[in-house]
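Engineer: curious how this folds, go ahead:
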Amino acid sequence: MAKKADNRLQKPWWRRHVRGLSGIALVLVLGGLVLYFRADWQERWFRWVSTWAQAEAVQQAIPDAGRWQLLCDNLEQWRQHDAARYREAQIPAERQAVIREARATLEHSLVAMMRCWLGTPWAYEGMAARPGEGEIACGYFVTTVLQGAGFRLERNALAQQAAQNILLSFLPQQELRLRVGVPYKTFRRETMRGAPGIYLVGLDTHIGFVIVQDQDYRFVHSSGSHPWRVVEEHSAAASVLERSQYRVLGHLTANDDVIRRWLLGEKFATVTSRAD
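Structural biologist: Numbers count the residues shown, from 1 in each chain. A predicted model of the protein is given here:
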């Protein structure tokens, strides 16, 4: 009996505890599966709720040309006011402070201006200049909003360019984030972690705005698929953005030089061919 007891004591520690370790491993695996499927179902539920809420919002969206014009006029007054302050600034710190304040004003106004277009019908050749007064294509939606905000640009020529050329008309190549064949979950996670502000996002045959705020984002664009109008979509329900295998993103309002040129009324030349 003593020898048998000694043999048991001499067994390797992992053999003595293998049953306990197996049980712990099983619990961890099962727990991981529960968390995985729970997260997956939560994601599906959230996407369904977002899509339903979005459909309701689309039905209720009415273009507001009056508010659009009011916002354009108000932002222009602020732009001119801040431009004068920028020119009068004596030191770099003062000019930087003006840039910072102008950025906040521009970001707030741009979001409000985009929303004036919600519900405006889409058309491939749509060139409406005001919300609800005709149809508008995706490129014209972007350039018209920016022109209304006081950006000096060639609205028609820029609207007809490829999406990446539109981004390059404002931002240098090194500030663009190109994602080809990247799963939407990865793109979404990266974008949600980005700095708050207004982005331009180009797809293979499409372009729109991305508003990053509170560690999430919304996609505002003139959609050439259902519901074929200007819409604002939550990141979880942005089906056009999700389906695309080509996405190029640029943070428009993070660039100090963009803000400075906008303030001073400098022209943004249209890029017609990509610089390699």
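
Engineer: quick one: the strands in this protein, in order.
Structural biologist: For the chain, strands defined by DSSP state E occupy the ranges 152-153, 176-180, 197-202, 207-213, 216-222, 230-234, 246-251, 267-268.

Engineer: of all those strands, which one comes closest to residue 91?
Structural biologist: Across the strands of the chain, residue 91 has its closest neighbour in strand 197-202 (25.7 Å, CB to CB). From N, CA and C alone the C-beta is placed, and that goes for glycine too.

Engineer: which residues are contacting that closest one?
Structural biologist: Contacts to strand 197-202, defined as CB atoms under 8 Å, 6 or more residues apart in numbering, come from residues 103, 106-107, 110-111, 142, 162-164, 166-167, 170-171, 191, 207-212, 217, 219, 241, 246-254.

Engineer: ditto for stretch 212-227
Structural biologist: 55, 58, 114-115, 117, 120, 122, 124, 126, 136-138, 140-141, 191-197, 199, 201, 206-211, 229-235, 238-241.

Engineer: swap the cut-off to 7 Å and go again
Structural biologist: Residues from elsewhere that reach stretch 212-227 (CB atoms under 7 Å, 6 or more residues apart in numbering): 58, 114, 122, 136-138, 141, 191-192, 194, 196-197, 199, 206, 208-211, 229-235, 238, 240-241.

Engineer: ok, stretch 257-268 next?
Structural biologist: 79, 82-83, 86, 99, 102-103, 106, 150-153, 169-170, 252-253.

Engineer: let's see that with 6 Å instead.
Structural biologist: 82, 83, 86, 99, 102, 103, 151, 152, 153, 169, 170 (CB atoms under 6 Å, 6 or more residues apart in numbering).

Engineer: give me the number of residues near the first one?
Structural biologist: Using other CB atoms under 10 Å, the number of residues around residue 82 comes to 21.

Engineer: ok, it touching residue 100?
Structural biologist: No. In this structure, residue 82 is not within contact of residue 100 by CB atoms under 6 Å, at 10.4 Å.

Engineer: distance of residue 168 from residue 212?
Structural biologist: Counting by CB to CB, to the nearest Å, the gap from residue 168 to residue 212 is 20 Å.

Engineer: typo on my end, residue 172
Structural biologist: For residue 172, the distance to residue 212 equals 20 Å [CB to CB].

Engineer: between these two, which is the more surrounded one?
Structural biologist: The neighbour comparison of residue 172 against residue 212 (other CB under 10 Å) goes to residue 212, with 22 against 12.

Engineer: identify the bridge partners of the more buried one.
Structural biologist: residue 197, residue 217 (DSSP bridges).

Engineer: what does the one 10 residues further on give?
Structural biologist: On DSSP bridges, the residues paired with residue 222 through beta bridges are residue 230.

Engineer: show me where pLDDT drops low in this protein?
Structural biologist: 1-59, 274-276 (pLDDT under 70).

Engineer: break down it into its helices, ranges please.
Structural biologist: Applying DSSP state H to the chain gives helices spanning 2-10, 13-16, 18-60, 65-88, 92-115, 138-148, 155-159, 163-168, 184-192, 239-243, 256-264.
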